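> Predicted model follows, preceded by the sequence.
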Amino acid sequence: NSDHYKSPIEGKYRGRGVANGYWNNWGGKSSADAVLNADGTVSLNEASTDIGGSRASIAMQFAEEAGIAYDHVKPRVGDTDSVSYNDVTGGSRTTFGTGWAVIELARLMIAEMKKRLSDIWGVDEVSYEGSVFSGGDNKATWDQAAKMINSGEKPLMVSTTVHPQGFGPGFSTQCVDVEVDPETGKVQILRYTAVQDVGKAIHPSYVEGQIQGGVVQGIGWGLNEEYVYNDKGQLLNASLLDYRMPTAYDLPEIETVLVEVANPDHPYGVRGVGEVPIVPPAAAIANAIYQATGLRMTRLPMSPAAMLEAMWEREGLATGD
């Protein structure tokens, strides 16, 4: 049902390409700890570094599980001296794996709060529902409970390390329109749409940003980015002045479509989203070039020089003539 896919593409040397991508993702070992403050806020210490919005998505999962407002959670990315072991922050595992850790952490905090309130109220059992603790004739909101608990001598701190066995794989289908300049070999991106199964978009605007960033990296890989060495093995394009990366000048707005198919291996259906959008661009662009020119490009990058070489070879011309 994509408007992009169904729209006509007109003009000489223009083409459209589609490609699919998949990225596996594993849980790994994740750690986190939290402190309940007297005002009801929670100081959340996570072991995963924030490389693209995970601080927010992790805090949101804790807040959801605890039944409190997101602004009650104060996430902090700690160093290795202040929090337990955590596997690599990468492989699109953070929101999935560390998400599991903070969900377990929220459950532990609620259990400990119920235990403390049981002692304070002198009752055998305390329940928690709708952000309200109840025990006997006593009731307390989360904030009220936090104040009572912190009036004692012992602060409420919880920590956990989890190793979820499930996976959070990502799937992406992308559609691109290009125009090839037969004189220079330049491939211009005219329109780009990325459709991705994101599981549950914990923070939709951050998810869109992850997808757009991944697409840009994939486009750079497909069209320009390449290490150039001389015959002595020395890198000749070691700066960003010489190593050609896409800029806003090179690209149209990247349209994103978030498809939410819950991941059964996560309580909230989370999937990794950051790396799968890097996979399809090169193949999609190659397919679009084929439709535009009839040339099947088989190596990367599909730079202007590579395009001209392919066109000259098709015409039976010596390279550079």
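Nice, thanks for sending it over.
> Now do the strands in the stretch 201-321 of the chain.
254-259 (DSSP state E, counting those that start in this stretch).
> Quick test: name the residue nearest the centre of the protein.
Computing the C-alpha centroid of the chain and ranking residues by Cα atoms, centre = their mean puts residue 274 first, at 3.1 Å.
> For that one, give its distance to residue 212.
11 Å (Cβ to Cβ, to the nearest Å). Where C-beta positions appear, they are placed from N, C-alpha and C, glycine not excepted.
> Equivalent analysis for residue 223, please.
16 Å.
> Looking at those two, which one has more neighbours?
residue 223 (27 against 18; other Cβ atoms under 10 Å).
> for residue 183, helix, strand, or coil?
Three-state assignment for residue 183 (DSSP: H, G, I helix; E, B strand; the rest coil): coil.
> the helices in this protein, which residues?
For the chain, helices defined by DSSP state H occupy the ranges 3-6, 54-66, 94-121, 142-150, 204-223, 281-293, 304-314.
> other SSEs contacting the shortest one?
Going back to what we said before, that points to helix 3-6. strand 170-180, strand 187-197 (3 or more Cβ pairs under 8 Å, 6 or more residues apart in numbering; DSSP states H and E).
> name the helices or strands packed onto the worst-scoring helix or strand of the chain on mean pLDDT?
Within the chain, no helix or strand scores below strand 73-77, which has a mean of 87 by mean pLDDT, DSSP states H and E. Other helices and strands packing on strand 73-77, by 3+ Cβ pairs under 8 Å, 6+ apart, are strand 42-46, helix 54-66.
> Which segments of this structure make up each domain?
3-25+167-314, 30-162 (automatic domain parsing).
> Low-confidence ranges, the stretch 51-200 of the chain, go.
Within the stretch 51-200 of the chain, the stretches with pLDDT under 70 are 51-53, 78-84, 86-93.
> okay, stretch 270-281 in CSV with CA atoms only?
Extracted in CSV, the C-alpha atoms of stretch 270-281 (Å, rounded to 0.1, in the frame of the first residue of the first chain):
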residue,chain,number,x,y,z
VAL,A,270,10.7,-4.9,21.5
ARG,A,271,13.0,-5.6,18.5
GLY,A,272,16.4,-4.1,17.7
VAL,A,273,16.0,-1.3,15.2
GLY,A,274,19.3,0.4,14.7
GLU,A,275,21.3,-1.8,12.3
VAL,A,276,18.8,-3.6,10.1
PRO,A,277,18.2,-0.4,8.0
ILE,A,278,21.8,-0.4,7.0
VAL,A,279,21.4,-3.7,5.2
PRO,A,280,19.0,-3.0,2.2
PRO,A,281,20.2,0.3,0.7
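> Can you give the distance of that stretch from its chain's centre?
For stretch 270-281, the separation from the chain centroid amounts to 7 Å (computed by Cα atoms, centre = their mean, to the nearest Å).
> So which bits of stretch 286-300 are buried?
The neighbour-count check on stretch 286-300 (16 or more other Cβ atoms under 10 Å) flags 286, 287, 288, 289, 292, 293, 295, 297, 300 as buried.
> how close does residue 167 get to residue 13?
42 Å.
> Those two: which is more packed in?
Using other Cβ under 10 Å, the more surrounded residue of residue 167 and residue 13 is residue 167, with 17 against 14.
> And the more buried one, how far from residue 62?
Taken as Cβ to Cβ, the span from residue 167 to residue 62 is 22 Å.
> again, but for residue 296
Counting by Cβ to Cβ - residue 296 and residue 62 are separated by 50 Å.
> Could you give the number of residues near the residue nearest to residue 75 when sequence neighbours are not counted?
Spatial nearest neighbour of residue 75, chain neighbours left out: residue 59 (4.2 Å); criterion: Cβ to Cβ, 6 or more residues apart in numbering. For residue 59, the neighbour count with other Cβ under 10 Å is 23.
> can you list contacts of stretch 122-133?
67-68, 110, 113-115, 117-118, 134-136, 138-142, 145 (Cβ atoms under 8 Å, 6 or more residues apart in numbering).
> switch to 7 Å and redo it
67-68, 110, 113-114, 117-118, 134-136, 138-142, 145 (Cβ atoms under 7 Å, 6 or more residues apart in numbering).
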